[in-house]
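Peer 1: 3D, please:
(chains A and B)
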Amino acid sequence: MIASILAQGTDWIRPHADWHALAPEIVLVVGINLVLLIDLWLDDAKKWMMATLTGFVLLAAFIPVVTLAVIGDDVRSMFFDRYVVDEYALILKAMFLLIGYVVVLISQNELEEGGYYQGEFYLMLLVSVLGMVMMTSSRDLVSIFVALELLSIPAYMMAAWRKRDTKSNEAGVKYYLLGVFASGVLLYGMSYLYGTTGTTKLTEIGAALAEADAGPGLIAMQVVAVAFIIVGFGFKVSAVPFHTWAPDTYEGAPLPVTAFLSVASKAAGFVGLVTMLYVAMFAADGVYQPFLWILAALTMSVGNVLALRQTNIVRMLAYSSVSQGGFILMPLAVLATGDAAESALKSVVIYLLIYAFSNLGAFAVILAVSRKTRSGEISSFGGLMSYAPGMGLLMTLFLASLAGIPPFGIWIAKLQAFKTVLDAGGTAAYTLAVIAAVNTVIAAAYYMKVLREMWMKPAPDGDTTPINTPQPIWAALTICAAGTVVLGILPGLVLRFADLQDLTGALGGG
Amino acid sequence: MDYSNNALLTIGTFLPLVGVLIMMFIPGSDERAHKQIAIITSGATLAVGIYTLIQFDYGNSATLQFAVNEEWIEVIKSNYIIGLDGISLPLYVLSMAVTFLVAVYTWNNVPDAGNPKAFLMLMLVLQVGMAGSFIAQDLILFFVFFELVLLPMYFMIGVWGGEDRQYASLKFFLYTMFGSALMLVAFLALFFQTGAESFSFEHLMAAGALIDHDVQVWIFAGMFIGFAVKVPMFPFHTWLPDAHTQAPTQGSVILAAILLKLGTYGFVRIALPMLPQGAHEWAPVIGILAVIGIIYGALGCLAQTDMKRLIAFSSVAHMGFVMLGISTLTTFGINAALFGMVAHGLITGMLFFVAGSIKHRYHTLEIKRLSGLLIQMPKMGWILGFAAMASLGLPGLAGFWGEFPVILAAYSPAFGVNEALFRTLMVIAAMGTVLAAGYLLWLFQRTAMGDPNPEFVSHDEPAQSLSAAANHGADADHHDEIHDVTIVEWIAWMPFLVAIVVFGVYPQLMFKVMDPAVIQLVERVGNGIP
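Peer 2: Model prediction:
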C-alpha cells in the first residue's frame, strides 16, 4: 500500500508558489500566531497592546498588496491556476485589510471599557480577515469553501462576544445556525458541480458547463447545483428571502462586530458569488439570470420597506444593508446579456468598496454617539448637530452617500449599476431599473429620517453635553469620510482595477 | 470645439468651498467672523463672475467660452467639461449675485434658529451646485451639480424654516429625488441610444437627434418629469408653496431666484436640443400644462391669506409663462423665456425679501392683519409696490419682457406645432396677466394702503384707550421692531431694484447676449425635426 502511495508521488509536481503574491496571507498567518502567543503571556493590564499589534499586522499585510499593485505585472497564478492574484483580487484584498483596520480602530475602546476578551477578539478578527483575503484569490471549489468557513466561523463567535447578554447570544446562535445551514446548501451545490464535471477547478468547470450549454444543454443536476450555490451565497449576502438572520444578528452583536459583518462578511459573500458566476458558472446564464433578477428585486424592495418602519438605528441600518445588497446584486442579474459582464463586474466592485467606507463610517458615528446616549433608538440622535456638529456633519455625509446623493460615494456605484442594467436592455432589465429607481427614493426617506432627527429635532432630555470621542474612532471616521468623498468625486481611482480581462480572460474561462 | 482649458469658470464655481473650509475651523460662537467670511467669499465669487462678464466675448455668444475638457470618470465616459455661452452666462452671474446679496442680508437677519455658521456654510455649498449646473457641459457632471443643491436646501428649509418646516422640507426632498431618479434613467437611456460614447452635451446634441422618434418621446418623458418637478410645472408643483412658505427668507429668495431655474434651464439646455423630435411631440403638452399653471397659479394667489404663500403661487404662474415660451420652440419664445427666468429671479426674489422683512417686523404675514404699510414704513411699502408692479408685468420693468413676448410668440409656434392650440393658449395666458395684475394689486392694496392695523400701532402717541395703555408694557418690544428699511436691507436690495429697472428699460442688454445662442439652439432643434 505504501508503495502505491509512493508510486503516485512520482507524478507529483511541485506547484508554483509566488512568495510575493502570497505575502499578504503569509503576513496575516504570522500575525495571527504572534497575537495568539503574545496574548498568552500578556498581563491583563496590558491587553490594550493587542489592538495596536493587530493594527500593525493588518497594515503590514497591506504593504505587499500595495507593492503588487504598483508593480502591476500580469496576473500571478499559482497552484495550477487555483489561486490567483490579479487586480480584481488586489483591490478587494486592500478593501478587506482596510475594513479590518477600521474595525480594530472602532473596537478598541468598546472592548477595553467592556472588559471583553481582547486578545481572543483580535485573533478572531485576523482569522476572519485572512479568510476574506483568501476568498479574493480562490479559484477552486475547495479553496472557496475553506476561505468561506475561515471567515465565517470566527464571525459566529464574534457575534456572540458579549457573553452575558442574551441578545448577543441570540445574535451568535442565529448567525451560526443559518450560516452553517447555508454552508451545507452551498457544499451540496458544489458537490453536484464536482460530480457532473469531475473537477474542482473553476476554469475547468466553466469550460465544461460552456461545452454542455453549447451542446446538449445543462443537465438537471447542474441546474440544481447553480441554484444551490446562489442560495448558499444568498445567505451570506443576506439576500431576501435568506436575510432573516441579519436584523437580529446585527442588533444583538456588539456594534463593531455588526459593522464588520454588515460590510466585510457581506462583501466576502459577494466576492465568492462573483468568482463563481464569472469563472465557473458563466455559461449557466439561463439559470442564474432570472434567479438573480428575482433576488435583486425582492432584496432591495423588502429590505427598504422593512427599513422604513424601524425605530432602532442599528436595525434600520441592518435592513438598509439588506436593501443595498439588492443594488449590488442588480447588475449581476444581467451579467451574461450582451457585453454587460465587464460593466457589471466594475459595478459590484466599486459598490462594495464605497459601501464599505460609508457603512463603516455610519456605524462608527453610531458607536461614538451611543457612548454618550446609551441608546440605539433613532430618536437618540436628536439635536446631534447642536452639540456635536462635526459628528453630525460626518453622519450626514455617510447617510447621504448611502442614499445615493452626489457627490458622495455611492451615487457613482448606483449609477454604474443602473448603467449596466440599461446597457443590457430588454424588458426585464428595464423593469428592474425602474424598481431600483423607485427604491432609491424609498431609501432616501428613511435615511432622511435620521438626518431630520439630527438637524431639526432638539436633543432628548435637553442633554447637550458634548460627546467625548476617543482618538481611534476619529481616525476611523477620517478614513471612512475620506474614502466616501474621494471615491465619490474621483471614482476612476478604483474603477480601473476591476477589469474583466483579469478575472476571466487570463484564465481562459468566460 | 476649442477647449482653452481656462481655469476661470472652475475658480468661479468652486471658490465658495474655500470659504466653507475656513469656516469649518472657526468655532460657531464667533458669529461675526462667519458672516464676514461668507460675505467676503461670496463677494470674491461675484468678483470672479463680473470678471467673467468682462472677459466674455459678446460677439461669439453662441459658442462655448472658457471651455474646459479634462478627464474625469473615464470608465463611464464622463468628462469634466464646462463652458459658458449666452444662455448660461446671465444665470451663472445671477446665481453669484443673489448668493452675495443674500449673504449681505443675513448680516443682521439670521433666521430664528440661529447658528449662522451652519446656515452660511450650506448657502455657500448651495452656490457651488447652482453655478456648477449652469456651466456643466456633461450630463453626469450636470447631474452631480444638480443634486448637490438638494441637501443644503433641505436643511435650510428644515432647520431654519417656519412651523411646518419638517413636512415642507421632506416634501421638497422626496419630490425632487423622485424627479432626479427618473431623470437619471432618461440620461442613461439617452447615453446608450446615442451609442454609449460620451456624456458630453456636444456629442449628445449631435447624436441625440438621430434617435428613433418613439424612443425620443419616451426619453423626453423621463427628463420632462425630472425637470418639471424642479420648475415646478402643474401638476408637480405642490411642493413649492409649502417649501416657499416654510423656508427662511434667504432660502425662499435663492429658491425663487435660482433653484427653480435649474429646471427650465434643463429644458432649454438639455431636453430640447438633444431630443428635438421628443420636444416637438411634447410641446403641446408642455404648452397646455404651462397655461394651466398660469391660470391655476393666479387663482391660487387670489385665494391665499398668507403673503408668502401668495408670492409662492405667483411663482407657479410666472414659471408657466417661461415654460409656455419654451414650448413654442421659437427663438422669440425661448429668448423671452430666458429673460423671464432672470426677471422672475430678480422680482420674486425681491418680493420674498420684502415678505421676510415684514415678517421680521410684524411676526406675521397674514394679509388680513397687515395694512397701512405705506404709513408705518413708507419706503418698505413702496418697494413692495414697485416689486408688485414689476411682477405683474408693467412695461418699463423687467417682468414685462418675460411675459409679453411669450404671449406674442405663442401666436405662431415653430415647426408646425398645432397653431390653433397655441393661439388658444395665447388668449388664456393673456388673461393670466390680467389675473396677475388683479392679485398683485389687491395684495398691495390690502397690505400697503389704508390705516395701520391698531394692534401694530405704537402706543407712544396719546389718544389711546385705557386698556391699550395697560398693555403698553407687554407690547413695547413688539412695536419697537417696526421700523423702515435698514441700511443692510438697502445694500442687499438696491442691486435688485436697479437691475429690475435697467433690464426693464433696456432689455436689449440681455437679449443681445442670449439671442445668438438661442438662434443656434432653435436651428439645432429644427434640423432634428424631419
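
Peer 1: near chain B, which residues of the stretch 51-200 of chain A?
Peer 2: Within the stretch 51-200 of chain A, no position lies close to chain B (Cβ under 8 Å from any Cβ of the partner chain). Every C-beta, even on glycine, is put in place using the N, C-alpha and C of the backbone.

Peer 1: for the helix ranked longest in chain B, which helices and strands make contact with it?
Peer 2: Longest among the helix segments of chain B by residue count, using DSSP state H, is helix B:331-362. Under the contact criterion of 3 or more Cβ pairs under 8 Å, 6 or more residues apart in numbering or on different chains; DSSP states H and E, helix B:331-362 touches helix B:88-106, helix B:249-254, helix B:260-266, helix B:307-327, helix B:378-391, helix B:398-409, helix B:487-505, helix B:508-528.

Peer 1: okay, those helices in TSV with mean neighbour count, mean pLDDT and distance to residue A:429 next?
Peer 2: Formatted as TSV, the helices and strands packed on helix B:331-362 follow (neighbours: other Cβ atoms under 10 Å in any protein chain shown; pLDDT from 0 to 100; distance: least, Cβ to Cβ, whole Å):
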stretch	mean neighbour count	mean pLDDT	distance to residue A:429
helix B:88-106	25	91	35
helix B:249-254	28	90	39
helix B:260-266	24	91	26
helix B:307-327	28	90	33
helix B:378-391	22	89	48
helix B:398-409	25	87	41
helix B:487-505	17	89	49
helix B:508-528	19	87	28
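
Peer 1: which of those sits closest to residue A:252?
Peer 2: The closest of the helices and strands packed on helix B:331-362 to residue A:252 is helix B:249-254. By Cβ to Cβ, the value is 42.7 Å.

Peer 1: so does the closest one get close to chain A?
Peer 2: No - counting by Cβ under 8 Å from any Cβ, chain A has no neighbours in helix B:249-254; the shortest distance is 13.9 Å.

Peer 1: so which elements touch that helix?
Peer 2: Against helix B:249-254 (3+ Cβ pairs under 8 Å, 6+ apart) you get helix B:88-106, helix B:116-135, helix B:150-160, helix B:331-362.

Peer 1: need the contact partners of it.
Peer 2: Around helix B:249-254, the neighbours that count as contacts under Cβ atoms under 8 Å, 6 or more residues apart in numbering or on different chains are B:98-99, B:102, B:105-106, B:109, B:111, B:119, B:123, B:126, B:130, B:153, B:156-157, B:160-161, B:244, B:308, B:312, B:349, B:352-353, B:355-357, B:359-360.

Peer 1: enumerate the residues of chain A near chain B.
Peer 2: Checking chain A against chain B by Cβ under 8 Å from any Cβ, the hits are A:346, A:385-386, A:389, A:396, A:400, A:405-407, A:411-412, A:415-416, A:418-419, A:422-423, A:425, A:433-434, A:437-438, A:440-441, A:444-445, A:448, A:451-452, A:455-456, A:490-492, A:495-496.

Peer 1: which residue does the stretch 201-350 of chain B have closest to chain A?
Peer 2: Nearest to chain A, among the residues of the stretch 201-350 of chain B, is residue B:222, at 9.7 Å (Cβ to the nearest Cβ).

Peer 1: and that residue, what element?
Peer 2: Using DSSP states H and E, residue B:222 maps to helix B:213-230.

Peer 1: from residue A:395, how far out is residue A:358?
Peer 2: 11 Å (Cβ to Cβ, to the nearest Å).

Peer 1: what residues does residue A:353 make contact with?
Peer 2: The contact partners of residue A:353, by Cβ under 8 Å, 6+ apart, come to A:91, A:95, A:483, A:487, A:494.

Peer 1: mean confidence for the longest helix anywhere in chain A?
Peer 2: Criterion DSSP H: the longest helix present in chain A is helix A:340-373. Averaging pLDDT along helix A:340-373 yields 89.

Peer 1: close to chain A: what parts of the stretch 301-450 of chain B are there?
Peer 2: Counting by Cβ under 8 Å from any Cβ, the stretch 301-450 of chain B has no residue next to chain A.

Peer 1: and the residue of the stretch 251-400 of chain A found nearest chain B, how far from residue B:440?
Peer 2: The nearest approach of the stretch 251-400 of chain A to chain B comes at residue A:400, 5.9 Å away (Cβ to the nearest Cβ). Remark: distance between residue A:400 and residue B:440 (Cβ to Cβ) = 39 Å.

Peer 1: what is the end-to-end distance of stretch B:366-375?
Peer 2: Stretch B:366-375 has an end-to-end distance of 18 Å (Cα to Cα, to the nearest Å).

Peer 1: next one: stretch B:154-165
Peer 2: By Cα to Cα, the extent of stretch B:154-165 from end to end equals 10 Å.

Peer 1: do it and chain A meet?
Peer 2: Yes - Stretch B:154-165 reaches chain A (Cβ under 8 Å from any Cβ) through B:154, B:155, B:158, B:159, B:165.

Peer 1: going through those, which ones are buried?
Peer 2: In the residues of stretch B:154-165 next to chain A, burial by neighbour count holds for B:154, B:155, B:158, B:159, B:165, counting by 16 or more other Cβ atoms under 10 Å in any protein chain shown.
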